[in-house]
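# Return atomic coordinates for the entry below.
(2 chains)
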Amino acid sequence: MTPDAVGRPVAEPATGSTAPAPRRSARQLQWTVWAQRYGALAALVVLFAYNAIATPYFLTPQSLLFVLLRQAAPIAIVAVGMAIVIGTAGIDLSVGSVMAIAGQVGATLVLHDHPFLLAIVAALLVSALCGLFNGTLVARFGVQPIIATLILFIAGRGIAQLITGGELQTLSHPEFQWIGLARPFGVPAQVIIAVLVAVAAWLVMKLTVYGRHVLAVGGNETASRLAGIPAARVKLLAYVTSGVLAGLVGLIAVSANSASDANNVGVNMELDAIAAVAVAGTPLTGGKVTIWGAVVGAVMLKLLQNTLISHGITKEIAQITVGAVIVLALWLQRHEA
Amino acid sequence: MTTTATPGGTAPRRVQVGLLLQRQGALIALVILVVFGMLRYGENFATGYNLSSFTGDTAKYGLVALGMTFVIMTGGIDLSVGSVVALGGVVAIMVSEHGLLPGLLAGIGAGAAVGVLNGFLITKLKLPPFISTLATLLAIRGLALTLADTRAAVAAPGGFQRLADWSLLGLPVAAWAMVLAFLVGAAVLNYTAWGRQVLAIGGNVDAAKLMGLPVARTTFSVYVLSGALAGCAGVFLGSQNGSVDTAAGQGWELTAIAAVVVGGTLLTGGVGSVLSTLVGVLLLQLIFNLIVFENGRGVINISSFWESVIRGAFLLVVVLLQVRLVRRRSATGRPA
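Down below sits the predicted model:
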């Protein structure tokens, strides 16, 4: 590390030899740091402000709570789990299939007149087992996360379909469907759950040893292991967390639809969740977790879609725009990686 | 391969068995399944209609997986191929009003154009392949659906659909295209400078750069190739079905990755074989074909949902075999 022209040590990889060059790149770096940290939030604020002015009835609780947040909550919950897995330098492609399995297990048990609490607990246990399967492959056997979770991505939907032979099960069980249909204090239950999950995950990442361990393992696994961190257990727990959260969202989806459809629950959820994490500036290389970023990313992408669609732009063009926004977000962040 | 350096005598044989299983395990399984099918289902299985429809069907997955193999060998990944299949099919159907050949070329060209976009994002903007091709996955499906006017794109009867009917020696055009593509791909990988560069980049990108290899250009071209092959698969899909529906090609990227891995190519890049991907594709498709035949006998009834479960289980077995092999190799200190 050599001191630059001004005499302070060069902390950033500023390679310019003339005086103005490093200064400019330093400012550029600051701007990109800002864009990485708050880009998604800024986009959310801008979109929000635009909608508040231009979209009629946008600023009503009906529109905000029951359209935007209700749609974004499932993605946000899955994205929280995904953010932790990505923090360990992993990825979880199986979340959509785990959603389908959990939804089928829960719905089938309730329809066979088992107590609804048992159904929920069983569904979450099965999701935890799915996460354990992923985590074991990654942490104990050293399989690459993409491949390890691809196995359950492929097989999981088949398993979910086999539970009921692929048939649609219609539900009508108010207690079981509480998490998808209830509105305590006038707020959709899934929004409350999403907030609780996000707060809990944030606290765990911020305050507990486990949170520090995730960052250490994702940043440099070998170093973390040498430092005595149980890297395998840390990763295992991350995949189990992601599995349980996906299972929870599977139950929400089934409850909200009043039907359990193994063919369609959770399709493309892995893409939505990864996009939400990436758009908020979390590098997929690991070592960094921003729980709020994942939540903001999920809400922002949903609001972007809804904004475009409510202005008469087709769903397909909206999808192209979302793709472009993800690229833009990555491009803004690329200096930081 | 000598065995003198290793003490103990038995380990090398075990390693060799393991090596054989990793290198040729998929091929061995494929041969076993084909023999099983021929013995059990006789003539119907190995000839005529089944062979023609099986190869024609498999060809699309094969073309996508071939492109994916090259991308993975550079250490990258291309998640957009499923959407490119849809785009290629839609574009081909739209242009095929002006003739078969323009339709074919337009489909491949559209795929290659997406490949150019991916290559640009990855080599020029230096974005990570996983997430940038994820973004194009979303965007290109949106584009394909917009072009198709959000309905299924339907081909005019006649010209374009004839592409699927032509056959030579009992195999459809698509199957020949796949065989040809794989033979050319294997030759290019093993006997051209470009093929060696692909492996060098995947092995160690910094070393490849220091050696003065055109890393950016080669990486770029790999994504263009993958896009073009996926576009071609889309053309065949459109001609076989006469239409491209909104879900066409969905999830194909992951099927292709599974085929590449089952074939024995490591996802870390730097090593791989083109023909083993062909084996992987055939194997995963054959499982489905056998289930159809088994159901046809009427003795048991395996639901088609088992197909994905069996594919997943297969992938699991292959992955665990690879892990065991890699561990043993590092334990005995022998190179691959």
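# CA atoms for contacts and neighbours, from now on please.
Noted.
# Touching, B:Thr133 and B:Ser80? I think so.
Yes. B:Thr133 is within contact range of B:Ser80, at 5.2 Å (criterion: C-alpha atoms under 8 Å).
# Tell me how far the most centrally placed residue in chain B lies from B:Leu315.
Central residue of chain B (C-alpha atoms, centre = their mean): B:Ala65, 1.1 Å from the mean position. According to C-alpha to C-alpha, to the nearest Å, B:Ala65 and B:Leu315 sit 15 Å apart.
# Sketch out the low-pLDDT regions of the chain for me.
No chain specified, so I'll use chain A. Scanning chain A for pLDDT under 70 picks out A:1-29, A:31-32, A:35-36, A:166, A:334-337.
# actually it's chain B I care about, not the one you picked
B:1-23, B:43, B:46, B:150-153, B:155-162, B:164-165, B:298-302, B:304, B:325-336.
# Show me the strands in it, by range?
Per DSSP state E, chain B carries strands over the ranges B:153-154, B:167-168, B:171-172, B:243-244.
# Which among those strands is found nearest to A:Lys206?
strand B:243-244 (48.7 Å; C-alpha to C-alpha).
# Would you enumerate the residues in contact with residue 78?
Assuming you mean chain A. By C-alpha atoms under 8 Å, 6 or more residues apart in numbering or on different chains, the contact list for A:Val78 reads A:95, A:242, A:245-246, A:249, A:273.
# not what I meant, chain B
B:68, B:71, B:129-130, B:133, B:223, B:226, B:253 are the contacts of B:Asp78 under C-alpha under 8 Å, 6+ apart.
# and if we set it to 7 Å?
B:68, B:71, B:129-130, B:133 (C-alpha atoms under 7 Å, 6 or more residues apart in numbering or on different chains).
# re earlier: highest mean neighbour count out of the strands of chain B?
Mean neighbour count (mean count of other C-alpha atoms under 10 Å in any protein chain shown) peaks for strand B:243-244 among the strands of chain B, with a mean of 25.
# That one pairs with which strands, parallel or anti?
Strand B:243-244 has its sheet partners listed here by DSSP bridges as strand B:153-154 (antiparallel).
# And the residue of the stretch 151-300 of chain B closest to chain A?
B:Leu254 (7.2 Å; C-alpha to the nearest C-alpha).
# which residues in the stretch 101-250 of chain A form helices?
Using DSSP state H, counting those that start in this stretch, the helices of the stretch 101-250 of chain A run over A:116-135, A:145-164, A:178-181, A:189-207, A:209-219, A:221-226, A:231-257.
# which SS class is the residue nearest the centre of chain A?
With distances taken as C-alpha atoms, centre = their mean, the residue of chain A nearest its centroid is A:Ala79 (0.8 Å). Classification of A:Ala79 by DSSP: H, G, I helix; E, B strand; the rest coil places it in helix.
# for it, what are its contacts?
With contact taken as C-alpha under 7 Å, 6+ apart, A:Ala79 is in contact with A:273-274, A:276-277, A:294.
# between those, which is nearest chain B?
So of the contacts of A:Ala79, ranked by how close each gets to chain B (C-alpha to the nearest C-alpha), first place is A:Ile274, at 8.2 Å.
# how close does that closest one sit to A:Ser258?
For A:Ile274 relative to A:Ser258 (C-alpha to C-alpha), the value is 27 Å.
# who in the stretch 51-200 of chain B is up against chain A?
Counting by C-alpha under 7 Å from any C-alpha of the partner chain, the residues of the stretch 51-200 of chain B close to chain A are B:125, B:127, B:132, B:135-136, B:138-140, B:142-143, B:145-146.
# could you redo the last one with a cut-off of 6 Å?
B:135, B:138-139, B:142, B:146 (C-alpha under 6 Å from any C-alpha of the partner chain).
# Farthest-apart pair in those residues, please.
Going by C-alpha to C-alpha, the pair spanning these furthest: B:Ala135 and B:Thr146, at 16.6 Å.
# Compare these two (neighbour count), which wins?
B:Ala135 (26 against 18; other C-alpha atoms under 10 Å in any protein chain shown).
# quick one, what contacts the spatially closest residue to that one that is not a sequence neighbour?
Of all residues beyond its chain neighbours, the one nearest B:Ala135 is A:Gly323 (4.3 Å), with distances taken as C-alpha to C-alpha, 6 or more residues apart in numbering or on different chains. Taking C-alpha atoms under 6 Å, 6 or more residues apart in numbering or on different chains, we find A:Gly323 in contact with B:135, B:138-139.
# By proximity to chain A, which residue of the stretch 1-150 of chain B wins?
Counting by C-alpha to the nearest C-alpha, the stretch 1-150 of chain B gets nearest chain A through B:Ala139, at 3.7 Å.
# For that residue, list the residues it contacts.
A:319-320, A:323.
# okay, now the residue in the stretch 201-336 of chain B positioned nearest to chain A: neighbour count?
Going by C-alpha to the nearest C-alpha, chain A is nearest to B:Val309 of the stretch 201-336 of chain B, at 4.1 Å. Look at B:Val309: counted by other C-alpha under 10 Å, it has 22 neighbours.
# likewise B:Lys124?
Neighbours of B:Lys124 (other C-alpha under 10 Å): 12.
# Excluding chain neighbours, what is closest to it?
B:Ala216 (7.9 Å).
# Give me the neighbour count for the one you found.
16.
# any idea how far B:Leu147 is from A:Leu69?
For A:Leu69, the distance to B:Leu147 - C-alpha to C-alpha - is 31 Å.
# More neighbours: which of these two?
Taking other C-alpha under 10 Å, A:Leu69 and B:Leu147 do not tie; A:Leu69 has more neighbours (22 against 16).
# and A:Leu168, what does it touch?
Per C-alpha under 6 Å, 6+ apart, neighbours of A:Leu168: A:260-261.
# how about the residues of the stretch 151-300 of chain A near chain B?
A:151, A:154-155, A:158.
# Of those residues, which is the nearest to B:Val179?
A:Ile154 (26.4 Å).
# thinking again about what came up before, from the contacts of A:Ala79, which land in helices?
Mapping the contacts of A:Ala79 onto helices (DSSP state H) picks out A:273-274, A:276-277, A:294.
# Just the buried residues from the residues you listed, in PyMOL please.
Here is the PyMOL selection string for the buried members of the ones in helices among the contacts of A:Ala79, based on 16 or more other C-alpha atoms under 10 Å in any protein chain shown:
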select buried, chain A and resi 273+274+276+277+294
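# Go through stretch B:131-151 and flag the buried ones.
In stretch B:131-151, counting by 16+ other C-alpha under 10 Å, buried: B:131-148, B:150.
# same check, this time on stretch A:170-189
A:170-171, A:176-182, A:187-189.
# and that stretch, C-alpha only, in PDB?
Presented in PDB, the C-alpha positions along stretch A:170-189 are these (Å, rounded to 0.1, in the frame of the first residue of the first chain):
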ATOM      1  CA  THR A 170     -59.800 -26.600  -2.400                       C
ATOM      2  CA  LEU A 171     -59.600 -25.400   1.200                       C
ATOM      3  CA  SER A 172     -62.100 -23.900   3.500                       C
ATOM      4  CA  HIS A 173     -60.600 -23.800   7.000                       C
ATOM      5  CA  PRO A 174     -60.500 -20.400   8.600                       C
ATOM      6  CA  GLU A 175     -58.000 -21.200  11.300                       C
ATOM      7  CA  PHE A 176     -55.500 -22.900   9.000                       C
ATOM      8  CA  GLN A 177     -56.000 -20.100   6.400                       C
ATOM      9  CA  TRP A 178     -55.400 -17.400   9.000                       C
ATOM     10  CA  ILE A 179     -51.900 -16.700   7.700                       C
ATOM     11  CA  GLY A 180     -53.200 -16.000   4.300                       C
ATOM     12  CA  LEU A 181     -56.600 -14.400   4.800                       C
ATOM     13  CA  ALA A 182     -56.800 -12.800   8.200                       C
ATOM     14  CA  ARG A 183     -56.400  -9.100   8.800                       C
ATOM     15  CA  PRO A 184     -55.700  -8.400  12.400                       C
ATOM     16  CA  PHE A 185     -55.800  -4.600  13.100                       C
ATOM     17  CA  GLY A 186     -56.800  -4.200   9.500                       C
ATOM     18  CA  VAL A 187     -53.400  -5.400   8.200                       C
ATOM     19  CA  PRO A 188     -53.100  -8.600   6.100                       C
ATOM     20  CA  ALA A 189     -51.600 -11.300   8.200                       C
END
